[in-house]
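Trainee: okay, here's the prediction I keep looking at, along with the sequence it came from:
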Amino acid sequence: MWKFPTRYDVIVVGAGHAGVEAALASACLGVKTLLLTTNLDHIAKMSCNPAIGGIAKGQIVREIDALGGAMGEIIDKTGIQYRMLNASKGPAVWAPRAQADKELYAKAMRERCEATDNLDLKQELVTGLIIENEKVHGVKTKDGIAYHGHAVIITTGTFLKGKIHIGDATYEGGRAGEPASISLSDDLKKANFRLGRLKTGTPPRVHRRSINLEELTIQKGEASIFFSFEKTNKKRPKELPCYITYTTPKTHDIIRTHIHLSPLFSGKISGIGTRYCPSIEDKVMRFPDKTRHQIFLEPEGLNTCEVYLNGLSTSLPPKVQWQFLRTIPGLERAEICKPGYAIEYDFVESGQIQASLETKTIEGLFFAGQINGTSGYEEAAAQGLIAGINAARKITKKPPLILKREEAYIGVMIDDLVTKGIDEPYRMLTSLAEHRLLLRQDNADLRLTQIGYQMGLISHERWQRVEHKKNIIEREMQRLQSTYTQQGKKGYSLAQILARPEITYADLQKMHLKNVHDLDDDVQFQVQFSIKYAGYIERQLREIAKLNHLDNIRIPQDFPWEKTLGLRNEAKQKLSKNKPENAGQAFRTPGVSPADISVLLVALKTKRANVQ
């Protein structure tokens with residue numbers, strides 16, 4: 001094994017959406033970083049849906065941007081359609097989504113990596129870790145090279161012992177056409193990590209010219225949507241429309257007839273798939289009374305004829321895919337460019353990482369992305385960003401960045417990964433964020449830019465712009481609350497008038513603010529939302545204050561769970577396995593009751609008293 005002469009501070013394994021954010025973050029924080037991938041041409045490849053954002057995911061991308069990550073800026077530069085989902089509902093669940101040109105996106109992200117100081121990119125297949133005295137010292141590759149570093153971030157996606165299934169055909173692969181990482185998975189087991197098995201899938205891609213678009217419902221985009229708060233990429237590629245169609249009863253009949261050929265139902269697949277993105281086989285068998293399922297036809301780019309059939313994930317044999325596709329309106333003559341397939345892969349079971357994403361047993365080793373049991377580009381990118389920040393901060397002997405549940409969707413996700421068992425691929429949903437009224441996509445800059453600035457990823461100028469925006473909002477709120485006008489026999493503050501459901505800020509301007517300078521649309525929205533939802537916001541802030549004290553009560557890693565009198569056996573088992581870092585994590589652990597927390601708090605107080 002040849003020892004590579006350069007010693008790195010941070011080594012990132014895998015260059016998917018988690019890997020690139022991790023490498024960019026650590027390099028931008030000034031530490032020498034190495035990014036290793038099996039194929040440099042596939043950096044940030046969109047191997048599944050060529051899109052960024054969506055319900056809860058759009059919120060995460062805006063948080064990544066506010067913290068100084070790259071995903072928001074890159075999708076603004078390479079998107080070919082933008083929409084705001086849930087626009088008919090309350091602002092708490094509005095979510096931006098963009099269709100991407102997958103080739104342009106990957107190209108732009110690679111260019112960003114190649115232009116970043118302190119970052120080296122190399123094409124290598126990592127086969128194992130270099131671990132001594134429970135501390136990671138680097139990685140080993142298939143080519144016989146040992147790269148040494150102070151911290152290692154594993155972001156292998158679906159490549160850990162990846163196995164692809166299409167009907168009866170089964171073969172090893174991280175994704176179609178690329179090798180799986182077998183040895184690294186075995187090496188993690190040797191290091192005593194508990195691994196589980198998950199499954200995901202993709203739909204067929206069909207040739208655009210073989211689709212009868214006249215039979216489909218067109219879905220156009222919205223030009224004014226941006227993911228990055230900087231809005232620097234206003235010159236965008238040409239917009240392409242998406243289309244909608246539906247399966248038919250005949251589609252379902254063909255699937256039922258051949259269901260025994262699906263590896264998901266024949267027992268060939270042992271991995272667990274996500275409930276929120278089921279295969280078409282799952283949909284047909286689980287919902288027998290449903291006569292149709294919606295399919296979105298999404299272009300994969302400007303310079304390709306491949307169209308992604310969102311909602312039609314399958315692992316049935318290609319012949320069956322060809323048959324049932326042709327029963328769907330608009331796809332009667334569809335030609336498959338790439339068949340759909342399922343892939344199962346290893347992941348690290350819950351309870352083995354800290355909130356910093358550093359592992360609990362091996363110092364300097366971080367996990368980010370699907371290796372932690374998540375699904376989706378956005379969830380992966382967010383973990384990569386946090387892991388990259390924390391690996392760099394560990395090198396520079398600074399405390400880790402831990403986002404709380406009330407601070408960000410990213411904080412909710414990581415806390416869930418740390419405290420809750422993963423029995424299916426984790427997907428971020430708005431319903432998982434108990435404080436989602438505070439965690440909107442529109443205010444991520446107000447919530448997180450200062451943190452990004454403190455970490456070193458946001459420029460002083462950008463932080464000052466956000467602080468200026470905050471000040472304008474606060475001054476306008478105060479002015480509306482202290483300015484009164486007479487309506488009938490009563491006097492009302494302008495804030496009281498704006499709080500009425502039928503009144504908008506624009507209405508208020510027409511009635512009372514003719515002599516006031518116009519404010520930016522973003523500022524107007526923040527003022528209007530804060531006043532209309534003031535009661536709900538105050539209630540959530542009170543709830544947060546009640547629970548925050550638990551997160552400040554630290555639990556020693558060697559806490560004697562089995563010997564703690566009064567703890568129920570289930571709580572002992574769950575807490576001794578997960579080893580929560582504080583009482584808040586213990587409180588959020590499934591199977592732990594409020595009574596268990598009361599016992600824990602008494603035991604911690606007694607332990608501290610005995611130490612003193």
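Mentor: Great, that's in hand.

Trainee: quick check: domain ranges of the chain?
Mentor: Domains of the chain are assigned by automatic domain parsing as 2-200+345-455, 205-224+234-342, 479-542, 552-611.

Trainee: okay if I get those domains as TSV plus distance to residue 465?
Mentor: (C-beta placed from N, C-alpha, C; glycine too.) TSV is the format used below for the domains of the chain (distance: least, C-beta to C-beta, whole Å):
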stretch	distance to residue 465
domain 2-200+345-455	9
domain 205-224+234-342	17
domain 479-542	11
domain 552-611	32
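
Trainee: quick check: which element contains the most centrally placed residue in the chain?
Mentor: Most central in the chain under C-alpha atoms, centre = their mean is residue 379, positioned 1.4 Å from the mean C-alpha point. Per DSSP states H and E, residue 379 falls inside helix 377-395.

Trainee: for residue 277, give me the pLDDT.
Mentor: Looking at residue 277, its pLDDT stands at 80.

Trainee: need the winner for burial among the domains of the chain.
Mentor: Highest mean neighbour count of these: domain 2-200+345-455, a mean of 22 (counted as mean count of other C-beta atoms under 10 Å).

Trainee: and that one, how far apart are its ends?
Mentor: One end of domain 2-200+345-455 sits 36 Å from the other (C-alpha to C-alpha, to the nearest Å).

Trainee: check stretch 12-32 too.
Mentor: One end of stretch 12-32 to the other measures 11 Å (C-alpha to C-alpha).

Trainee: so how far is that stretch off the chain centroid?
Mentor: Distance, stretch centre to chain centre, for stretch 12-32: 16 Å (C-alpha atoms, centre = their mean, to the nearest Å).

Trainee: now that stretch: mean pLDDT?
Mentor: 98.

Trainee: then stretch 497-514?
Mentor: Mean pLDDT, stretch 497-514: 83.

Trainee: hmm, who's touching that stretch?
Mentor: 480, 483, 485, 487, 494, 516, 518, 524-525, 527-528, 531-532, 534 (C-beta atoms under 8 Å, 6 or more residues apart in numbering).

Trainee: nearest to residue 310 among these?
Mentor: The closest of the contacts of stretch 497-514 to residue 310 turns out to be residue 525 (C-beta to C-beta; 30.0 Å).

Trainee: in what helix or strand does that closest one lie?
Mentor: Assigned by DSSP H and E, residue 525 belongs to helix 521-532.

Trainee: and residue 165, by the same measure?
Mentor: Applying DSSP H and E, one finds residue 165 within strand 163-166.

Trainee: what helices or strands is the helix or strand just after that strand leaning on?
Mentor: Moving toward the C-terminus from strand 163-166, the next helix or strand (DSSP H and E) is strand 169-172. Packing partners of strand 169-172 (3 or more C-beta pairs under 8 Å, 6 or more residues apart in numbering; DSSP states H and E): strand 163-166.

Trainee: how far off centre is the strand it packs on?
Mentor: For strand 163-166, the distance to the chain centre is 25 Å (C-alpha atoms, centre = their mean).

Trainee: quick one: strands adjacent to that strand?
Mentor: Counting by DSSP bridges, the strands paired with strand 163-166 are strand 169-172 (antiparallel), strand 341-348 (antiparallel).

Trainee: show me what contacts residue 346?
Mentor: 160-161, 185, 188, 195-197, 371.

Trainee: coming back round to it: tabulate the strands paired with strand 163-166 in JSON lines, adding columns for mean pLDDT and distance to residue 506.
Mentor: Listed next are the strands paired with strand 163-166 as JSON lines, based on pLDDT from 0 to 100; distance: least, C-beta to C-beta, whole Å:
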{"stretch": "strand 169-172", "mean pLDDT": "92", "distance to residue 506": "59"}
{"stretch": "strand 341-348", "mean pLDDT": "95", "distance to residue 506": "49"}
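
Trainee: need those in JSON lines (columns: distance to residue 282).
Mentor: Formatted as JSON lines, the strands paired with strand 163-166 follow (distance: least, C-beta to C-beta, whole Å):
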{"stretch": "strand 169-172", "distance to residue 282": "19"}
{"stretch": "strand 341-348", "distance to residue 282": "11"}
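
Trainee: quick one: which of the ones you listed is nearest residue 105?
Mentor: Using C-beta to C-beta, those put strand 341-348 closest to residue 105, at 21.0 Å.

Trainee: what's the first helix or strand after the closest one?
Mentor: Counting by DSSP H and E, the next helix or strand C-terminal to strand 341-348 is strand 365-367.

Trainee: quick one: contacts of that next one?
Mentor: So strand 365-367 is in contact with 22, 129, 131, 136, 151-155, 348, 353, 356-359, 387, 390-391, going by C-beta under 8 Å, 6+ apart.

Trainee: so residue 326 sits against residue 335, correct?
Mentor: No - counting by C-beta atoms under 8 Å, residue 326 sits too far from residue 335 to count as a contact (10.0 Å).

Trainee: what's the burial count for the spatially closest residue to residue 336 that is not a sequence neighbour?
Mentor: Closest residue to residue 336 in three dimensions, ignoring its sequence neighbours and counting by C-beta to C-beta, 6 or more residues apart in numbering: residue 204, at 4.9 Å. Counted by other C-beta atoms under 10 Å, the residues lying close to residue 204 total 26.

Trainee: so who does residue 204 touch?
Mentor: By C-beta under 8 Å, 6+ apart, the contact set of residue 204 is 309, 312, 314, 321, 325, 336-340.

Trainee: can you give me the first-to-last residue distance of stretch 312-322?
Mentor: One end of stretch 312-322 to the other measures 12 Å (C-alpha to C-alpha).

Trainee: average pLDDT across that stretch?
Mentor: 97.

Trainee: OK, contacts around the nearest residue to the residue nearest to the centre of the chain once chain neighbours are set aside?
Mentor: The shortest distance from residue 379 to any non-neighbouring residue, by C-beta to C-beta, 6+ apart, is to residue 428 (5.6 Å). Shown in contact with residue 428 (C-beta under 8 Å, 6+ apart): 56-57, 60, 374, 376, 378-379, 409, 412-413.

Trainee: would you mind measuring from residue 578 to residue 407?
Mentor: Per C-beta to C-beta, to the nearest Å, residue 578 is found 22 Å from residue 407.

Trainee: brain fart, residue 172
Mentor: Distance from residue 172 to residue 407, counting by C-beta to C-beta: 41 Å.

Trainee: residue 351 now?
Mentor: Distance, residue 351 to residue 407, using C-beta to C-beta: 23 Å.

Trainee: low-scoring stretches of the stretch 501-612 of the chain, by residue?
Mentor: Along the stretch 501-612 of the chain, segments meeting pLDDT under 70 span 512-518, 607-612.

Trainee: alright, that wraps it up for me.
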